[in-house]
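> build the 3D model from these lines:
(2 chains)
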Number of protein chains: 2
Amino acid sequence: MDEAIKCYGSSDMIQKLKNKDSLFLCVIASTLTSRIIGITGAGATPELTDYTPAADVELVMLGKPLCLSEIPKTVIAGDAAPTPAVITKASLDLADIPLLVVDAGAVIKPNIPFININKTPGGDINNGKGVMNSAEIFNKGFILGQTLSKLTDHLFIGESTPGGTTTALGVLTAMGYEVDHKISGSTPENPHMLKHKVVNNGLKLSGYTAGELKSEPFKAVDAVGDPMIPAVAGIAMGSNVPVILAGGTQMTAVCAVIKGVSPDFDFTSLSIATTVFVAEDETSDINFIANQISDISIFAIDPLFENSSTEGLVNYTKGSVKEGVGAGGAMMAAILKGVSIDEIRIRTEELCKDIF
Amino acid sequence: MDEAIKCYGSSDMIQKLKNKDSLFLCVIASTLTSRIIGITGAGATPELTDYTPAADVELVMLGKPLCLSEIPKTVIAGDAAPTPAVITKASLDLADIPLLVVDAGAVIKPNIPFININKTPGGDINNGKGVMNSAEIFNKGFILGQTLSKLTDHLFIGESTPGGTTTALGVLTAMGYEVDHKISGSTPENPHMLKHKVVNNGLKLSGYTAGELKSEPFKAVDAVGDPMIPAVAGIAMGSNVPVILAGGTQMTAVCAVIKGVSPDFDFTSLSIATTVFVAEDETSDINFIANQISDISIFAIDPLFENSSTEGLVNYTKGSVKEGVGAGGAMMAAILKGVSIDEIRIRTEELCKDIF
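Have a look, this model is predicted:
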């Protein structure tokens, strides 16, 4: 188990959670920010990013997307890599971990049961209008976290939010964290300049300066964030059982909001789990961001895709896709239940053959 | 325990489920059928019945309805009785049983997290147009039942569907069960004639005769049912743990649909729990209906409201309200966790004082 999970920070949580029951949530949301040309690889065209969250969770739950005839594939510079939803599905299926989908504001609603906490998608943060009602979304998330934590020993919370690293950058910037060239991206050439330009435009138009909203997390999200961030922060804070945020640098924005809501929040029962593709990404630095917020343990899971016979999965090792739909956390959840990383990789390859 | 729970049929389930974990679902739905004058007491006016499901579940989850300034009170012939949601809340709170709300098509959506399986309310069965898509609702319910049953030992499923006894009558009639003067109602003068007239109109307009749809449950629901019925049937059939349907005669329509989908369905792990106000109602006969479908155990819980100092609760003993929001099943769930019926009654009285 230790080989597959790299740990930055305390690894206490691994021992505590081994063989415990867990519940995997996937929080989905859309924003008009994802329509900005060049901002995301999570969709073949900017318009198609509206379908990505629904297609992702339909794929994890049913093995095929219902809302799209084409499967979400990230296509960048000729390298095609399948959506990380296949990794999530392989992991949850092997470990028989239940999945619940939470809608924080997806444009296209999935054609499966989902928990509504917010209906309306986010805006374009280039205009300083990220979210209309982030405090309300947080409050509903909090109630949901209270309820769901009565049903399991341990919550994993993943997300599918196209353009989400840019809105995460927005929140972290507004709250005063040093994030220059530290935020991850879904493409090999992480467009840092474009992302910063969008965030700076948005902050200016909303009348705030970088760092001014350190203790005003909801104002930060309303101006330059996305609806997933307060939803996940609320669920995590409402939970009475340990929580692992299953995602990349976007989840540091969630931690920043949590710290903003409750400056003394104890992060010993809340960690981040991601893929090695994020943790070892040379164009970003998740640990550098997280350490500014608190003593947050970060786990990084390596599916050893360099050993894969499936070309699309090998492309993950070239930076084509790095994380999403909680893939890193789903692998960790499965490993904690005794599944091996080789089983996960092999099942992911089989799913790729079946689906694509 | 035995005194508070009366049992018609096998009581095996009680021993099996004592002190096990349970999850309580409340499935909400609206129909235009509830707008027919005189059909339901679940709302001060026909238009206000649109708010009843959302207000009910908001009350159970938060202690107050958010969507209505007035609390749902059933007002019939001068006797006011509070919504059975207070009984459900008292029971679930005392036993710390988690509640999840499932929307099968409520007009007004509750302002709390809820699981979406269908958005659109039902029509007016007087026109033979009950539900547009009952097979799809069933299928989503089935997926949800599979998932949720991984999180608990035991599912209770209640409902809030104004006008629901009339749509239940529709489904049972279309499927050939003998239900004349057997279906319950929310008012002391159960308007059997009106309900039968509506159902007969609907069947005629949809081109079916009574009994013709014995093995076509979805056609029966589409013509003269409501969206709650296929939702609950789907959840119950998808569940891999025992299920108790928490409701009155409406739940026999759910059982009829289950039997229609799967004629050999084994009802030993599926029972109905209701209040004594339904079980001992002289204007209806839940056991008579259930026995025609299968060997279905029915539990009836008596909160001894004749001992109450709260006038609205004493009115339950006069037939003002009989059941709803899974009140009978919620009491049973709490009793199985060791809560006494006196504690439930006293807590219900306290809630009435706090809320009304």
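> how about the nearest residue to residue A:150 once chain neighbours are set aside, what does it touch?
In this structure, residue A:150 finds its nearest non-sequential neighbour in residue B:98, 4.1 Å apart by CB to CB, 6 or more residues apart in numbering or on different chains. (Glycine included, C-beta is placed from N, CA and C.) With contact taken as CB atoms under 8 Å, 6 or more residues apart in numbering or on different chains, residue B:98 is in contact with A:147-148, A:150-151, B:23-24, B:92.
> how about these in JSON lines, adding secondary structure?
Compiled in JSON lines, the contacts of residue B:98 are given as follows (DSSP: H, G, I helix; E, B strand; the rest coil):
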{"residue": "A:147", "secondary structure": "helix"}
{"residue": "A:148", "secondary structure": "helix"}
{"residue": "A:150", "secondary structure": "coil"}
{"residue": "A:151", "secondary structure": "coil"}
{"residue": "B:23", "secondary structure": "strand"}
{"residue": "B:24", "secondary structure": "strand"}
{"residue": "B:92", "secondary structure": "helix"}
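> okay, among those residues, which ones form the most distant pair?
A:148 and B:92 (15.3 Å; CB to CB).
> how about whatever residue of the stretch 201-350 of chain A ends up closest to chain B: what's its closest non-neighbour residue?
Closest approach of the stretch 201-350 of chain A to chain B (CB to the nearest CB) occurs at residue A:235, with a separation of 9.3 Å. Closest residue to residue A:235 apart from its sequence neighbours, by CB to CB, 6+ apart: residue A:145 at 3.9 Å.
> residue A:99 now?
residue A:24 is the one closest to residue A:99 (CB to CB, 6+ apart), at 5.0 Å.
> hmm, that neighbour is touching residue A:327, no?
No. Between residue A:24 and residue A:327 there is no contact under CB atoms under 8 Å: 11.1 Å.
> who has more neighbours out of those two?
Taking other CB atoms under 10 Å in any protein chain shown, residue A:24 and residue A:327 do not tie; residue A:327 has more neighbours (35 against 27).
> from residue A:305, how far off is the more buried one?
Distance of residue A:327 to residue A:305, computed by CB to CB, to the nearest Å: 11 Å.
> burial measure for residue A:285, as a count.
18.
> skip the chain neighbours and tell me the closest residue to it.
With CB to CB, 6+ apart as the criterion, residue A:285 has its nearest non-adjacent residue at 4.5 Å, and that residue is residue A:182.
> now residue A:124
residue A:32 (3.8 Å).
> same thing with residue A:201?
Nearest to residue A:201 is residue A:126, by CB to CB, 6+ apart, at 5.1 Å.
> on that earlier part again, what do residue A:24 and residue A:327 both touch?
Counting by CB under 8 Å, 6+ apart, the residues touching both residue A:24 and residue A:327 are A:88, A:158, A:246.
> just those residues: which are in strands?
Counting by DSSP state E, the part of the shared contacts of residue A:24 and residue A:327 found in strands is A:158, A:246.
> between the shared contacts of residue A:24 and residue A:327, which is closest to residue A:131?
Nearest to residue A:131 among the shared contacts of residue A:24 and residue A:327: residue A:158, at 19.6 Å, using CB to CB.
> share the number of residues neighbouring the residue lying closest to that closest one once chain neighbours are set aside, please.
In space, and not counting its chain neighbours, residue A:158 is closest to residue A:326: 1.8 Å by CB to CB, 6+ apart. By the criterion of other CB under 10 Å, residue A:326 has 35 neighbours.
> residue A:301 versus residue A:326, what's the distance?
In terms of CB to CB, residue A:326 sits 11 Å off from residue A:301.
> sorry, back to before: save the contacts of residue B:98 as TSV, and put in distance to residue A:43 and pLDDT too.
Shown next, in TSV, are the contacts of residue B:98 (distance: CB to CB, whole Å; pLDDT from 0 to 100):
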residue	distance to residue A:43	pLDDT
A:147	32	98
A:148	29	98
A:150	36	98
A:151	33	98
B:23	36	98
B:24	39	98
B:92	42	98
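> among those residues, who's most crowded?
Neighbour counts for the contacts of residue B:98 peak at residue B:24, which has 27 neighbours (criterion: other CB under 10 Å).
> buried residues of stretch A:348-356, list them for me.
A:348-349, A:351-352, A:355 (16 or more other CB atoms under 10 Å in any protein chain shown).
> show me how far that stretch is from its chain's centre.
22 Å (CA atoms, centre = their mean, to the nearest Å).
> restrict it to CA atoms and write it as PDB.
Output of stretch A:348-356 as PDB, limited to C-alpha atoms (Å, rounded to 0.1, in the frame of the first residue of the first chain):
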ATOM      1  CA  THR A 348      -9.000   1.100 -16.200                       C
ATOM      2  CA  GLU A 349      -7.400  -0.300 -19.400                       C
ATOM      3  CA  GLU A 350     -10.400  -2.700 -19.700                       C
ATOM      4  CA  LEU A 351     -12.900   0.100 -19.300                       C
ATOM      5  CA  CYS A 352     -11.000   2.200 -21.900                       C
ATOM      6  CA  LYS A 353     -11.300  -0.700 -24.400                       C
ATOM      7  CA  ASP A 354     -15.000  -1.300 -23.600                       C
ATOM      8  CA  ILE A 355     -16.000   2.400 -23.700                       C
ATOM      9  CA  PHE A 356     -13.900   4.200 -26.300                       C
END
